[in-house]
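[1] Build the 3D model from these lines:
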Amino acid sequence: MGEKDLTENYLEAYNDVFADIINVLLCGGRQVILQEHLEADGNKTIYKADKKVHEQERDIAKFWKDGHIKIALLGLENQTDAHPYMPLRMIGYDGATYRSQILKEHEGEEKYPVISLVLYFGMDHWDKPRSLRECFKKIPEELSRYVNDYKIHVFEIAYLLPEQVAMFQSDFRIVADYFVQMRTNKEYNPSQEVMKHVDAVLKLMSVLTQDDRFEEMQNGAKGEVKTMCEVLDNAISKGRIEGRIEGRIEGRAEGIQAMVESCQELGVSAEAVKMQLVKKFSMTEQEAQQKLELYWK
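    Predicted structure coming up:
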């Protein structure tokens with residue numbers, strides 16, 4: 001499993017986050033699945049091809065249980081790019097789980113359904129196949145009626161509606177809000193919402209945006225950051241320090257420039273940066289606006 005998968009799963013592995021994602025995306029925000037009713041599944045399954053045994057692994061899967069009874073297996077797959085053969089991958093995962101139920105039939109366990117979701121974090125719409133039949137260039141007309149279809153459920157996180165984002169009760173709302181803002185406004189106004197799993201959120205943001213500074217901003221802070229506004233505060237403090245350390249010209253101006261440029265690269269909105277200049281450098285709004293015009297590229 002790659003670094004990206006490990007980081008994404010780190011946040012989603014928390015039962016409160018996992019249940020929240022399912023409740024919002026599948027149940028319209030109703031609290032149908034409770035975190036205490038979730039149990040981690042061994043994500044690995046095996047299959048045989050070319051006379052060899054191969055291993056395949058879901059990103060993350062959990063059993064939804066009622067006591068000792070399994071109600072369903074819920075799986076999440078994370079994608080930053082649209083994959084042309086995602087339906088083939090997903091049917092392999094689901095099929096392996098159904099096959100394992102047959103093999104365990106002697107245990108007397110009731111059969112349960114498998115529901116798999118694709119969480120897509122791209123800024124463009126998913127433009128690859130969403131069904132098994134779409135993966136084939138051509139299906140002979142004589143056989144078409146006999147080719148069963150299989151559809152995948154792709155949720156485009158950056159295209160969620162504001163009311164959908166507001167339904168999230170876990171730290172996933174922070175992640176969803178960032179991608180929706182960046183798609184619609186091309187900039188980010190950080191939230192004052194307190195995060196529960198700070199390290200997991202910042203690691204995920206760092207990987208999905210390919211910007212290590214989200215994670216680095218927590219390191220070296222006087223105290224653990226709790227909100228994305230505090231992440232921005234750390235960016236400002238880091239900018240002030242780097243402005244001196246880099247030695248371009250020692251002093252306040254270089255710290256301000258480093259902070260403004262760093263925040264701009266992170267996607268933070270100009271208005272949010274201006275207000276932070278007022279707060280952290282004791283400027284008037286007019287002075288802060290002048291600094292933005294000077295350093296905002």
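[2] wait, what's in contact with the closest residue to residue 80 other than its chain neighbours?
    Nearest-residue entry for residue 80: residue 121, 5.0 Å, with adjacent residues in sequence omitted and distances by Cβ to Cβ, 6 or more residues apart in numbering. For glycine as for every other residue, the C-beta is placed from the backbone atoms N, C-alpha and C. Listed by Cβ atoms under 8 Å, 6 or more residues apart in numbering, the contact set of residue 121 reads 78-80, 157-158, 179, 208.
[3] need those residues in JSON lines with neighbour count, pLDDT and distance to residue 125, can you?
    Supplementary listing: these in JSON lines, determined by neighbours: other Cβ atoms under 10 Å; pLDDT from 0 to 100; distance: Cβ to Cβ, whole Å:
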{"residue": "78", "neighbour count": "22", "pLDDT": "89", "distance to residue 125": "17"}
{"residue": "79", "neighbour count": "19", "pLDDT": "91", "distance to residue 125": "13"}
{"residue": "80", "neighbour count": "16", "pLDDT": "88", "distance to residue 125": "14"}
{"residue": "157", "neighbour count": "25", "pLDDT": "97", "distance to residue 125": "12"}
{"residue": "158", "neighbour count": "18", "pLDDT": "97", "distance to residue 125": "9"}
{"residue": "179", "neighbour count": "23", "pLDDT": "94", "distance to residue 125": "13"}
{"residue": "208", "neighbour count": "20", "pLDDT": "79", "distance to residue 125": "17"}
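[4] Looking at those residues, spot the one nearest residue 167.
    Taking Cβ to Cβ as the measure, residue 167 sits nearest to residue 157 out of the contacts of residue 121, at 13.2 Å.
[5] where's the nearest residue to residue 32 once chain neighbours are set aside, which helix or strand?
    Computed as Cβ to Cβ, 6+ apart, the closest residue to residue 32 that is not its neighbour in sequence is residue 23, at 5.8 Å. In this structure, residue 23 sits in helix 15-27 according to DSSP states H and E.
[6] Quick check: next helix or strand after that helix?
    With elements assigned by DSSP H and E, the helix or strand that comes after helix 15-27 is strand 38-40.
[7] So which elements touch that next one?
    helix 15-27, strand 60-66 (3 or more Cβ pairs under 8 Å, 6 or more residues apart in numbering; DSSP states H and E).
[8] Run through the residues that contact residue 40.
    13, 61-63.
[9] 7 Å - rerun?
    Listed by Cβ atoms under 7 Å, 6 or more residues apart in numbering, the contact partners of residue 40 are residue 62.
[10] Just list whatever residues bridge to it.
    With DSSP bridges as the criterion, the beta-bridge partners of residue 40 are residue 62.
[11] OK, contacts around residue 192?
    With contact set as Cβ under 7 Å, 6+ apart, residue 192 has these partners: 227, 229.
[12] Could you measure from it over to residue 272?
    With the distance defined as Cβ to Cβ, to the nearest Å, residue 192 ends up 11 Å from residue 272.
[13] Repeat that for residue 64.
    Summarising the geometry, the distance separating residue 64 from residue 272, computed by Cβ to Cβ, is 39 Å.
[14] next one: residue 148
    Applying Cβ to Cβ, the value for residue 148 to residue 272 is 51 Å.
[15] again with residue 16
    Separation of residue 16 from residue 272 (Cβ to Cβ): 28 Å.
[16] Any chance of the backbone angles for the nearest residue to residue 261 once chain neighbours are set aside?
    The spatially closest residue to residue 261, leaving aside those adjacent along the chain, is residue 295, at 6.1 Å (Cβ to Cβ, 6+ apart). Note on residue 295: its backbone torsions stand at phi -110, psi -10 [degrees, to the nearest 10].
[17] Check which element follows the strand or helix carrying residue 75 along the chain.
    In this assignment (DSSP H and E), residue 75 forms part of strand 69-79. Per DSSP H and E, strand 69-79 leads on to helix 86-103 as the next helix or strand towards the C-terminus.
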